[in-house]
Structure formats: structure tokens, C-alpha cells
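>>> Just to be clear, the model below is a prediction. Sequence and coordinates:
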Amino acid sequence: MLDDRARTLLKTLVERYIADGQPVGSRTLSRASGLELSPATIRNVMADLEELGLIASPHTSAGRVPTARGYRLFVDTMLTARPSGTADAAAGATHAQLRETVNEQLHPDQPQRVITHAAQVLSNLSHFVGVITAPRKTSVFHHIEFLRLGDRRVLVILVAPDGDVQNRVVFTARDHSQGELIEASNFINAHYSGLTIEAVRERLKTEVDALRGEIATLMQAAVQAGTEAAGDGGEQLFVSGERNLLAVEDFSNDMGSLRKLFDLFEHKTQLMRLLDVSSRAEGVRIYIGGESQVVPYEELSIVSAPYEVDGQVVGTLGVIGPTRMAYDRMIQIVDITSRLVSHALTQPR
């Protein structure tokens, strides 16, 4: 717990460091905080904050900088993010620019264009990296067929409602006759057609004991094949503005950090996992430094939010940048973009 004096000094230090990028000294804090404190008192408070792990003193400077823990306390308890629609000129300009970009430059009947341009909008407005996952496709089968290949191999043919066809070869515990396969496909089409793979999997948990052995086995094989088919056409991640990080002073002098960051954007798997976690949270989510566990880079912060289509969360978008970022502005950019993307994708087709 910090007293009001310590909170004011920490808030002032974080804001000054975000604005200037330079370690903040006692004299600067004395002027900027508005507190009538002696330099000695300020130094004592700074020492207490440093002992708590909220600020640190770089070797090359007598000033202090926030730690990831200090940023987290600042974001959670001291930050006042301006909602869209306030009278603040910067907030109004951001909202107007986003609204114009999404509503006038994009077309709701071209969702792929909305998604790809959203990443660019996030990058352009933040001057960092914009990321967005494409809407998840729900794996639903309309019709299924099994074709015997011999040697305990079966070809599973899955037909989606839109006519998309996926083929998968599965291996079974025993060889099945074509008659058994036809019977199984007829049963599955009669009882499970139109359900998502996830819904079929849940029903199987309770119904598998009641099904005949060969039907249960083939049902499980069909669910596995459907899961793999959905994975092949799974979520896409769109990234824009990676090169913006080259201009970030925090990274420009550390090629090792830059290499790690570009590896992250190139492989994308870690980012996909992180954004998947973010999609299960409401509103804007902020990860500072390595606290996400999924993307354990101390130099990075991520501000993300889910977006919806027809009231259902279908993806996540966000901004990735240095821990020294203007969090109030990033929160506003991400929040407005998620709302406008949701609106654009929910428009009547």
C-alpha cells in the first residue's frame, strides 16, 4: 500500500518517463508533481519505491525509470483512460479517424478487407505493431461419408453446409467392411448433421457407451478428422507495422531484443496463443513485460481486446509495443477499433 504522496510521485515519474524516455530525477519530480517537498524527502520516497520493485535506477543515470511492476500498478490504479466521445481533442480525432477508416474505406460485405485493414489502422495510429486474428470458422459438417481403403485405413469425407469438402485418412483398430461404414455414416448423418465438431464431441462423452462399438469408433475418428480439418483452415493472424519497432529508442540499440521480437512476429504461434487467451476476457486486456507467460518478453507490452460478430466473440485485435507506451492512448485506440470492427462485420450482408 502506498500513501498519497508516494502514489503521486510514482504516477508523475511514469508519465514523465513515457513522455520523455529519460530517467526521471528528484528535481524533475519536484517540479512536475506539484508537491512542496524537499529533494531529500523525494529521494527517500524514491528509495522506498525502488525497494518495492516499482522503479529502478539505470547504471548510467541518477534518475529512475518504472519497472514492469511499476507500470502495472500505474495502469491498474492510476490511469484514467479517456472513453471515446469525450471532449478531448485527441480522443475525438482518434475516434473520428477510426470511424472514417472503417465505415467509409471498408465494406461490410468484404470481411477479409476489414480484418487486414484493421491491423494497418492499429499500427498507423499507435506507431507500433497492429495485430488481429481473423474470425474463427466454426467447424460444422452437413454430411459425412466413410470409404474403406483396406489395411484398417478409412477415408473420412466431411462436407460443410457451404459445400466445402475435407478429406482425411484415419486408422482404425480393426478392418471395417464397406457395409459397416455405410451404416455408420447413415447413423451419423441422421443424428449429428448440422452440429459443430465441438458439440458432437460433447455429446459423444455421454453417448459413446450407448453406441455400438464400430459406430462409436468411427464417430470418434470423424470428430478427430473434423478437428484436424478445422485446424488446417484455422485462425489467421494479420500483423502490420513490425518495422515501426526499428524506430523505437528502447529497442534500436539492442539488436538482440530486435531479433527476438522479429522471430516472434515471424512464427506467430505465441501471439496466437496469447490472443486466444485475450478473446476469453471482456474488454481491453493489458499485458506488461513478461507477465503474460505466453509472450515472455520483458521489453514488450500488449494491449488487446476481443471483437464480435452478431454478439459472439470471433477474434482479437491489439497493439504491441515497448513497455514505455502511452497506455491511455493505446487503450482508446484498441477499444475503438474493436467496437468499429465488430460493427462493420455485423452489418447486414
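Ah, there it is. Numbering: from 1, shown residues only.

>>> Just name the shakiest helix or strand of the protein by mean pLDDT.
Lowest on mean pLDDT, DSSP states H and E among the helices and strands of the chain sits helix 89-100, with a mean of 61.

>>> where do the helices sit along this structure?
4-20, 26-33, 39-51, 68-77, 89-100, 111-126, 178-192, 197-207, 213-232, 249-252, 255-267, 269-279, 327-346 (DSSP state H).

>>> weakest of the ones you listed by average pLDDT?
Ranked by mean pLDDT, the helices of the chain bottom out at helix 89-100, with a mean of 61.

>>> Make JSON lines from the helices of the chain and add distance to Ile157 to it.
(Each C-beta comes from the backbone N, C-alpha and C, glycine too.) Output for these, formatted as JSON lines (distance: least, C-beta to C-beta, whole Å):
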{"stretch": "helix 4-20", "distance to Ile157": "57"}
{"stretch": "helix 26-33", "distance to Ile157": "69"}
{"stretch": "helix 39-51", "distance to Ile157": "64"}
{"stretch": "helix 68-77", "distance to Ile157": "51"}
{"stretch": "helix 89-100", "distance to Ile157": "44"}
{"stretch": "helix 111-126", "distance to Ile157": "27"}
{"stretch": "helix 178-192", "distance to Ile157": "9"}
{"stretch": "helix 197-207", "distance to Ile157": "15"}
{"stretch": "helix 213-232", "distance to Ile157": "9"}
{"stretch": "helix 249-252", "distance to Ile157": "50"}
{"stretch": "helix 255-267", "distance to Ile157": "33"}
{"stretch": "helix 269-279", "distance to Ile157": "29"}
{"stretch": "helix 327-346", "distance to Ile157": "31"}
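
>>> residues in contact with Ser301?
Contacts for Ser301 (C-beta atoms under 8 Å, 6 or more residues apart in numbering) come out as 71, 286-289, 320-323, 325, 327.

>>> Take the residues you listed and lay them out in CSV including neighbour count and distance to Glu299.
Output for the contacts of Ser301, formatted as CSV (neighbours: other C-beta atoms under 10 Å; distance: C-beta to C-beta, whole Å):
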residue, neighbour count, distance to Glu299
Tyr71, 24, 12
Ile286, 23, 15
Tyr287, 23, 12
Ile288, 25, 11
Gly289, 19, 8
Ile320, 31, 11
Gly321, 26, 10
Pro322, 18, 6
Thr323, 22, 6
Met325, 24, 11
Tyr327, 22, 15
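
>>> biggest separation within the residues you listed, which pair?
Using C-beta to C-beta, the contacts of Ser301 reach their maximum pairwise distance at Tyr71 and Ile320, which is 14.9 Å.

>>> Now do Ala190: how many residues are near it, please.
Using other C-beta atoms under 10 Å, Ala190 has 8 neighbouring residues.

>>> scratch that, Thr77
11.

>>> List the contacts of Val169.
Applying C-beta under 8 Å, 6+ apart to Val169 gives the contacts 149, 153-156.

>>> Show me just the buried residues among those residues.
Neighbour counting with 16 or more other C-beta atoms under 10 Å marks 154, 156 as buried within the contacts of Val169.

>>> roughly how far apart are the residue most central in space within the chain and Gln236?
Taking C-alpha atoms, centre = their mean, the centroid of the chain lies closest to Leu275, which sits 2.4 Å from it. Leu275 sits 11 Å away from Gln236, going by C-beta to C-beta, to the nearest Å.

>>> Likewise for Ile42?
Using C-beta to C-beta, one obtains 51 Å as the distance from Ile42 to Gln236.

>>> Please say which of those two ends up with more neighbours.
Per other C-beta under 10 Å, whichever of Ile42 and Gln236 has more neighbours is Ile42, with 20 against 16.
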